[in-house]
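Q: I would like to see how this sequence folds:
(2 chains)
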Number of protein chains: 2
Amino acid sequence: MKVRVQQQRLSAAIQQVQRAVATHSTLPILSGIKIVAAADVIHFTATDLEVAVETWIPADAGQSVSVDLPGTIVLPAKYMSEVVRKLPEPWVHLTVDQPYSARIESGSASFVLHGFDPEEFPRLPQVTGDQPFVLQSDALKTALRQTIVAAAVEETRPVLTGLCLSFDSDSVTFVATDSHRLAIRTLFLQGGPEASVHQAVVPGKSVQELIRLLPDDDSSVELVIADNTLLVQTPSVRFYSRLLEGQYPDTSKIIPTTYKTRIQINPDIFVGALERAQLIAREMQNQVVRAQLQQAQMELSTHSHDVGRLSEVVPVEQFTGDPFTIAFNAKYMLDAVRAFDGDRVTLDFTGAMSPMILRPIDGQEYLHLVLPVRTV
Amino acid sequence: MKVRVQQQRLSAAIQQVQRAVATHSTLPILSGIKIVAAADVIHFTATDLEVAVETWIPADAGQSVSVDLPGTIVLPAKYMSEVVRKLPEPWVHLTVDQPYSARIESGSASFVLHGFDPEEFPRLPQVTGDQPFVLQSDALKTALRQTIVAAAVEETRPVLTGLCLSFDSDSVTFVATDSHRLAIRTLFLQGGPEASVHQAVVPGKSVQELIRLLPDDDSSVELVIADNTLLVQTPSVRFYSRLLEGQYPDTSKIIPTTYKTRIQINPDIFVGALERAQLIAREMQNQVVRAQLQQAQMELSTHSHDVGRLSEVVPVEQFTGDPFTIAFNAKYMLDAVRAFDGDRVTLDFTGAMSPMILRPIDGQEYLHLVLPVRTV
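A: Here you go, the predicted structure:
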């Protein structure tokens, strides 16, 4: 292998795949990045066997890459990334002329890095054949962010640590719940296989990585589900994730259809007040904050024996229904409210021990449900 | 106590003193900040008994502070700082009308924080009487930075973990050494007690805090040494540090007065090459890098059995003397070179097992000595 590549492009490619590198694996080769130089493109792949990320730099008439001799090598991600970031000149020469080690030259600096046999690098799953589901990148990214926050962190029921994607012929619904809260978002598909019904539960950690990789623009993203794997393809990255096994619970029944009290509230102001309440409430298990609703205002209060207490009045708009008192977990409510943009959220109270439901006022197919906390 | 204070000013004052707060003390009150409201000023003090920091907000005709009722309280630093940072409005009302707890109000938010009896807060040392030594803040800050890096981290000889300040009638010399390297810097005093000779060894941690507190401008800073304490007074902060006990070694004899080979080198280019060498060298104890000097160039090389190797040619100017080969610890040399500004440093080699000495070319009274590493 003998290639010449722009330092910035090489560094960016390494960074794209680096987070898929296994940090504590018993298989040393998983600490590496596989680099494959073909006639007109260099491919970079990393995997921890749970997710895999693949990116590439096309040989654009030598503008950022030229491949003099095709070849392949696996190099340790940690050293590769640091070495490339610290190179003195804007062009890098990468040469493999002995088995499993590479020479990296830039200006008057010449590194040799020991690597691994590329034949031993795990093969990525072959996810092909099916017509992909197509979504817009920024819409997908928002939907993932709005829902994954409600997924379980603890692994008591492993399937709840994931995000459930349910596809039908023209839409996909994202659902996450840790059994204390629930987030549901629906997006219309730009394209997909006909008459197809698919469900897939993607691990929470994979969703976080995917959020990081998706571009904030309207480019098209293709999703394929096959062989217990989700493949997401953006214009510059292919992302693979293993799926979680197990039946995802049916959550459609637990959403109340009526309310006792309904308010509209400014999410930014609400977040500020909740963050202040959390400074005190986080000292307690359950982070209990009490809300007292009366015409045109909501009074939040919380206290901790050791630290002190807070009370704060939050302005409320469009109050419908009766005065109402309820208690909730500050963190859960914060996670929910932070998922909303705009200057107005609808918040429904359905009973002192029944769910609170947050919805956007713009008609977006999104809701976030939070269960109250029982207090004495 | 009843005061009204600008949120930004209050937050800044808390931040100034907060790093002196004890984080793991058995004395709970040391986790607090003492606040004293007098008729025309509010004082803030924190201490971990090793250092103490005091700052104040003057009541400038109510522009940033107005004191309605003088008083004093000790409030937990962690909560105080977070609560104040998250307040909703630009003005804060701080009221103490019950023993040892304070009400903090801003906009429609009202906190109560539990505190401590201010009578139990430790008294600061009384460091007064002597005429102070006077230095310019930015010059002092630079001198501290240039030298403290050579101090010992390990406590085998506790006195070496400090920075030794030696005052005579018109100058002060800063010395630090961990016995592998040595940094010496001299500054002329802008004022000081007549015919006075003082020596004080300031703990390294205190020096780091002082660097952080000193403003980057030409304001005057006053130093007083008394009662085993260093007091540093800037226009807005009083900083106290306990001194280290024990005799500081006499380092004046170990600086060679001749050299075998002398070069001048660009510190930025040298730092870049050393950082690259360190990527490989840090895998070894001693971080050994070899330098081969020949007319107009220095070739750095290093290798690690596990990772790989580097070689790099660094351009050299003003080469005087014979070709020369030597090995050194990459970290020690990096620490030394990073302490220099400008585009040229003089580097003297005095023998294969004798010190290397870095000096500025602008006549500044500064030198940094690094001992070589024995290699096979």
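
Q: Just checking the distance from the longest helix along chain A to the centre of its chain.
A: In chain A, ranked by residue count with DSSP state H as the criterion, the top helix is helix A:267-281. How far helix A:267-281 lies from its chain's middle: 24 Å, per Cα atoms, centre = their mean, to the nearest Å.

Q: how about low-confidence regions in the stretch 151-300 of chain A?
A: Per-residue confidence for the stretch 151-300 of chain A (pLDDT under 70) gives these ranges: A:195, A:197.

Q: which residues in the stretch 151-300 of chain A form helices?
A: With DSSP state H, counting those that start in this stretch applied, the stretch 151-300 of chain A shows helices at A:204-213, A:267-281, listed in chain order.

Q: about what we covered before: quick check: buried residues in the longest helix of chain A?
A: With burial defined by 16 or more other Cβ atoms under 10 Å in any protein chain shown, the residues of helix A:267-281 counted as buried are A:267, A:269-270, A:272-274, A:276-281. To be clear about C-beta, it is placed using only N, CA and C from the backbone, and glycine gets the same treatment.

Q: circling back: tell me which of the helices of the stretch 151-300 of chain A sits nearest to chain B.
A: Between chain B and the helices of the stretch 151-300 of chain A, the shortest separation by Cβ to the nearest Cβ is 5.3 Å, and it involves helix A:267-281.

Q: Tell me if the closest one is near chain B.
A: Yes - contact check for helix A:267-281 against chain B, using Cβ under 8 Å from any Cβ of the partner chain: residues in range are A:272-273, A:275-276, A:279-280.

Q: Which strands and helices lie in contact with the longest helix of chain A?
A: Helices and strands touching helix A:267-281, as assessed by 3 or more Cβ pairs under 8 Å, 6 or more residues apart in numbering or on different chains; DSSP states H and E, comprise strand A:288-294, strand A:297-304, strand A:308-315, helix A:330-338, helix B:77-85, strand B:109-114.

Q: Adding distance to residue B:184 and mean neighbour count, write the ones you listed out as a markdown table.
A: What follows is those, written out as a markdown table (distance: least, Cβ to Cβ, whole Å; neighbours: other Cβ atoms under 10 Å in any protein chain shown):
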| stretch | distance to residue B:184 | mean neighbour count |
| --- | --- | --- |
| strand A:288-294 | 58 | 20 |
| strand A:297-304 | 53 | 19 |
| strand A:308-315 | 51 | 20 |
| helix A:330-338 | 54 | 22 |
| helix B:77-85 | 37 | 20 |
| strand B:109-114 | 48 | 20 |
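
Q: quick one, which of these is nearest to residue B:136?
A: helix B:77-85 (30.8 Å; Cβ to Cβ).

Q: would residue A:8 count as being in a helix?
A: Yes - with DSSP: H, G, I helix; E, B strand; the rest coil as the criterion, residue A:8 is assigned to a helix.

Q: Can you tell me the closest non-neighbouring residue to it?
A: Counting by Cβ to Cβ, 6 or more residues apart in numbering or on different chains, the nearest residue to residue A:8 once its immediate chain neighbours are dropped is residue A:90, at 7.1 Å.

Q: ok, the one you found - contacts?
A: Contacts for residue A:90 (Cβ atoms under 8 Å, 6 or more residues apart in numbering or on different chains) come out as A:6-8.

Q: Need those residues in TSV (columns: pLDDT).
A: Supplementary listing: the contacts of residue A:90 in TSV, determined by pLDDT from 0 to 100:
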residue	pLDDT
A:6	96
A:7	97
A:8	96
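
Q: quick one: which of these is nearest residue B:159?
A: Nearest to residue B:159 among the contacts of residue A:90: residue A:7, at 46.1 Å, using Cβ to Cβ.
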